[in-house]
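Colleague: Pasting a predicted model and its sequence here:
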Amino acid sequence: MTNVTLQPAGVKSQKHFEKSILNPIPLERIRNYLDENEYLKFLDKSTTSYPTWGLQKGKDNGNVKRWHSIQEGDLVLFTGTFKKNQGRCYCLGRIFHKKHSINLARDLGRDIWTNVGPP
């Protein structure tokens, strides 16, 4: 069953949205963070760049349940909390791959979890 996840994107995430959703990340930059099977899965697609998004744990670990419920093939609907898109849905995507990688987050300049496991 395909689920729909609402992803609020506030002022702090606007730059991340522009840098990694509107301007997808090249596979060559992601490659070092994938195992062999994951990499082959990416190679099977006809694209060389991928919109990339991450979750923070959120207040009181509120996104932990969301993280565990997200499955490949699910839809994600970005909702606006920054001024330009306040109260609107402005982007729809499909989850192609789910990965927890502190090193990839660091490479992409993202805030990272303070512990090792997924959110």
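Modeller: Good, I have the coordinates.
Colleague: Show me where the chain dips below the pLDDT cut-off.
Modeller: The model of the chain has pLDDT under 70 over residues 81-86, 111-119.
Colleague: hmm, who's touching the lengthiest helix in it?
Modeller: Scanning the chain for the helix with the most residues, using DSSP state H, yields helix 36-43. For helix 36-43, the surrounding residues in contact (CB atoms under 8 Å, 6 or more residues apart in numbering) are 27, 30-31, 34, 50, 97, 99. The way it works is simple: take the backbone N, C-alpha and C, and place the C-beta from them, glycine included.
Colleague: how does it look with 6 Å?
Modeller: Here helix 36-43 makes contact (CB atoms under 6 Å, 6 or more residues apart in numbering) with residue 27.
Colleague: and what of stretch 93-111?
Modeller: For stretch 93-111, the external contacting residues (CB under 6 Å, 6+ apart) are 33, 54, 56, 70, 72, 74-76, 112, 118.
Colleague: Return the subset of the residues you listed lying in helices.
Modeller: Reading helices off the contacts of stretch 93-111, I find no matches (DSSP H).
Colleague: Any idea which residue is closest to the centre of the chain?
Modeller: In the chain, the residue lying closest to the centroid (CA atoms, centre = their mean) is residue 53, at 1.9 Å.
Colleague: measure that residue to residue 107 for me?
Modeller: 15 Å (CB to CB, to the nearest Å).
Colleague: Residue 50 contacts residue 21, doesn't it?
Modeller: No. Under the criterion of CB atoms under 6 Å, residue 50 is not in contact with residue 21, lying 9.9 Å apart.
Colleague: where do the contact lists of these two overlap?
Modeller: Contacts common to residue 50 and residue 21, judged by CB under 6 Å, 6+ apart, are absent.
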